[in-house]
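Engineer: A predicted structure for the sequence below; I have some questions about it.
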Amino acid sequence: MDKFVAYNLVIQCEALTAVSLPRYNGTALRGAFFGALRQDFCLNKNLNTCLDCPTAGICPICRLVATVKRDNARGAEIPRPFSLQPVVSEITQFNPGQSFTFGLTLFGESLSLFPYAVIAIQRMGEIGLGNRKIAPGRFTLKAIKATNPLANVDKLIYSAATRVVNVPDIGITHEDVACYAAALNPEKLCLQLLTPLRLVVEGSLVPKITFRAFMQRLLRRLTDLALCYSQQKLRLDFAGLLQRSEGVQVTQDNTQWVDLTSYSQRRHSRTPVGGLTGDISFAGNLREYLPLLVWGQIIHVGKDATRGNGWYRIADNSL
């Protein structure tokens, strides 16, 4: 993991008109982000899928939100190189002048796509975000901070006052993760599921979390991201980790299922994106899993991480 780096961005916005967002707004943010990128950078808008696009190898959309790698052994569609942290607020409508914040985390080599992400966020504000039948949804980008929450460090890299964009050179490394994990309780922990967690194991939806199922999907996601975006194959005892994970027990499960769907304008169809939210506690020999669980807070776990799903915190340790 020594080559894998995550770049966490906190994006501060101010509503210009009313902005109406659902409680779980990751799908709305991701849709607006994709739409803004497509409007400004897509050369073949008549195509229904980026898989058919002849410019996929160099297109920033295909490299960021609709990833295509035709020579990939596991299929042409590879994991997207980012996770999205939605707006977390009891407020569902922001009036003009009110602020809201969301997050975007880029992985490894995808930092090179940062300029496109900034342009897309600015364009999102012009087009409008959220339910535009209720409110126009326009906003202005006020600031972007690069943060390393594990080391409690942040840096202003964009301000509307200067309109100058700097490189987000604060990265989250495995050394940061290991130091943070060393301070955690190695025998018990509680995960706070901030957004719906949707686990699919061997083709089946997981209705109740087990530690093994959670670790299986976390290991797969971390492995794929490290390989695709840092060219690093993780040297872990995957079989042993999963076998030993069966000894970690759920001691308290306060999760509940939330039904959500995502509507695709291009495909004119709905896709289920719901999952489990709430708190879940584990007990057992957790020491070797702690660094992986800390990474999971950053990369998210399960399906639809680019819609903000699978975002969690280890209780009493803010991220």
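Structural biologist: Received the coordinates, thanks.

Engineer: Which parts of the stretch 51-200 of the chain are helices?
Structural biologist: For the stretch 51-200 of the chain, helices defined by DSSP state H, counting those that start in this stretch occupy the ranges 60-64, 114-127, 174-182.

Engineer: helices and strands of this protein: which one bottoms out on pLDDT?
Structural biologist: strand 261-264 (a mean of 73; mean pLDDT, DSSP states H and E).

Engineer: which of the helices of the stretch 51-200 of the chain sits most buried?
Structural biologist: With neighbours taken as mean count of other Cβ atoms under 10 Å, the helices of the stretch 51-200 of the chain reach their highest mean count in helix 60-64, at a mean of 21. Using the backbone N, CA and C atoms, a C-beta is placed for each residue, glycine as well.

Engineer: I'd like to check what contacts that one. Which residues are they?
Structural biologist: With Cβ atoms under 8 Å, 6 or more residues apart in numbering as the test, helix 60-64 has contacts from 34, 37-38, 41-42, 50, 53, 55-56, 68, 80-82, 110, 113, 116-117.

Engineer: Among those residues, name the buried ones.
Structural biologist: Using 16 or more other Cβ atoms under 10 Å as the burial test, these include 34, 37-38, 41-42, 50, 53, 56, 68, 80-82, 110, 113, 116-117 as buried.

Engineer: Surely Cys228 is in a strand?
Structural biologist: No. Assessed with DSSP: H, G, I helix; E, B strand; the rest coil, Cys228 is helix; it does not lie in a strand.

Engineer: quick one: contacts for it?
Structural biologist: Contacts of Cys228 (Cβ under 8 Å, 6+ apart): 69, 78-79, 81, 108.

Engineer: quick one on the thing from earlier: and the least confident of the buried ones among the contacts of helix 60-64?
Structural biologist: Among the buried ones among the contacts of helix 60-64, Val68 carries the lowest pLDDT, at 61.

Engineer: can you tell me how far the closest residue to Leu219 other than its chain neighbours sits from Thr255?
Structural biologist: The shortest distance from Leu219 to any residue other than its chain neighbours is 6.0 Å, reached at Phe238 (Cβ to Cβ, 6 or more residues apart in numbering). In this view, Phe238 and Thr255 are 26 Å apart by Cβ to Cβ, to the nearest Å.

Engineer: Then Ala66?
Structural biologist: From Ala66 to Thr255 the distance is 31 Å (Cβ to Cβ).

Engineer: Now do the contacts for Leu193.
Structural biologist: Leu193 is in contact with 255, 276-280, 311-312, counting by Cβ under 8 Å, 6+ apart.

Engineer: same deal with Ala283?
Structural biologist: By Cβ under 8 Å, 6+ apart, the neighbours of Ala283 are 187-188, 248-249, 251.

Engineer: repeat that for 6 Å
Structural biologist: By Cβ atoms under 6 Å, 6 or more residues apart in numbering, the contact list for Ala283 reads 188, 249, 251.

Engineer: With adjacent residues omitted, what lies nearest to the first one?
Structural biologist: Of all residues not flanking Lys188 in the chain, Ala283 sits nearest, at 4.3 Å (Cβ to Cβ, 6+ apart).

Engineer: Bridged to that neighbour, which residues?
Structural biologist: Ala283 forms beta bridges with Lys188, Gln249, as assigned by DSSP bridges.

Engineer: Where does the prediction get shaky in the chain?
Structural biologist: 68-77, 263-269, 316-319 (pLDDT under 70).
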